[in-house]
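A.B. asks: coords please:
(chains A and B)
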Amino acid sequence: EAQVTQNPRYLITVTGKKLTVTCSQNMNHEYMSWYRQDPGLGLRQIYYSMNVEVTDKGDVPEGYKVSRKEKRNFPLILESPSPNQTSLYFCASRDPGTQNEKLFFGSGTQLSVL
Amino acid sequence: DAKTTQPPSMDCAEGRAANLPCNHSTISGNEYVYWYRQIHSQGPQYIIHGLKNNETNEMASLIITEDRKSSTLILPHATLRDTAVYYCIARYNFNKFYFGSGTKLNVKP
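C.D. replies: Predicted coordinates for the structure are as follows:
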């Protein structure tokens, strides 16, 4: 089954403790991206990647890092999490250059930073 | 950068058509408009997308004005399961997606 898998689904941590949220897709998509969603707001793009070793900032990249060493994986790294990064995070992938360029989303990761 | 604006909420009677408007007056000529919906806090689900022509699939129809400044998503026969937040999304600079705040559609029996 074609899917985007995020882990963990829920994460509670404390300020300053480095964490990684994993994202993996099995559709051989070149494009992957991360979003955060805060109450009452739409999704805001954090980072995206066009291919292996190619990443770029979205609209809200501060406090986040990403890496793309393999095509299928696109982890989101919070080196020193702060309470304002408490949010619902979504990973997505798509296959650019095709007619069906829709984004496929993961199930989300609810992060709480205390 | 392209932006989208939508009404925060709408009501629709079950079995009737739901027409959800979106303004995207700053979108450029080669930027697509996408519609997704989100039920509770699940991952957004794709509905439909288009560039300049009207589109229809098994879920919905998308009507884009000739000047491309606005569009309307039509759910032809809304059911209770269509209650969700609907996002009109502008894709800009090819790789960036602007979601906006979405419209909460309440389908009522």
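
A.B. asks: please state the offset of stretch A:88-103 from the chain centre?
C.D. replies: 12 Å (CA atoms, centre = their mean, to the nearest Å).

A.B. asks: regarding the most centrally placed residue in chain A, what is its secondary structure?
C.D. replies: Closest to where the C-alpha atoms of chain A average out (CA atoms, centre = their mean) is residue A:34, at 2.9 Å. Put simply, residue A:34 is strand when judged by DSSP: H, G, I helix; E, B strand; the rest coil.

A.B. asks: correct me if wrong: it contacts residue A:48.
C.D. replies: Yes. Residue A:34 is in contact with residue A:48 according to CB atoms under 8 Å; the separation is 7.5 Å. For glycine as for every other residue, the C-beta is placed from the backbone atoms N, C-alpha and C.

A.B. asks: okay, and the common contacts of those two?
C.D. replies: With contacts taken as CB atoms under 8 Å, 6 or more residues apart in numbering or on different chains, residue A:34 and residue A:48 have residue A:58 as neighbours in common.

A.B. asks: from residue B:42, how far off is the residue nearest to the centre of chain A?
C.D. replies: 17 Å (CB to CB, to the nearest Å).

A.B. asks: with residue A:26 instead?
C.D. replies: 19 Å.

A.B. asks: likewise residue A:25?
C.D. replies: 17 Å.

A.B. asks: residues touching residue B:55, list them.
C.D. replies: Contacts for residue B:55 were tallied using CB under 8 Å, 6+ apart; they are B:48-49, B:61-62.

A.B. asks: then residue B:95?
C.D. replies: Counting by CB under 8 Å, 6+ apart, residue B:95 has contacts A:31, A:33, A:48, A:50, A:56, A:96.

A.B. asks: this completes my enquiry, with thanks.
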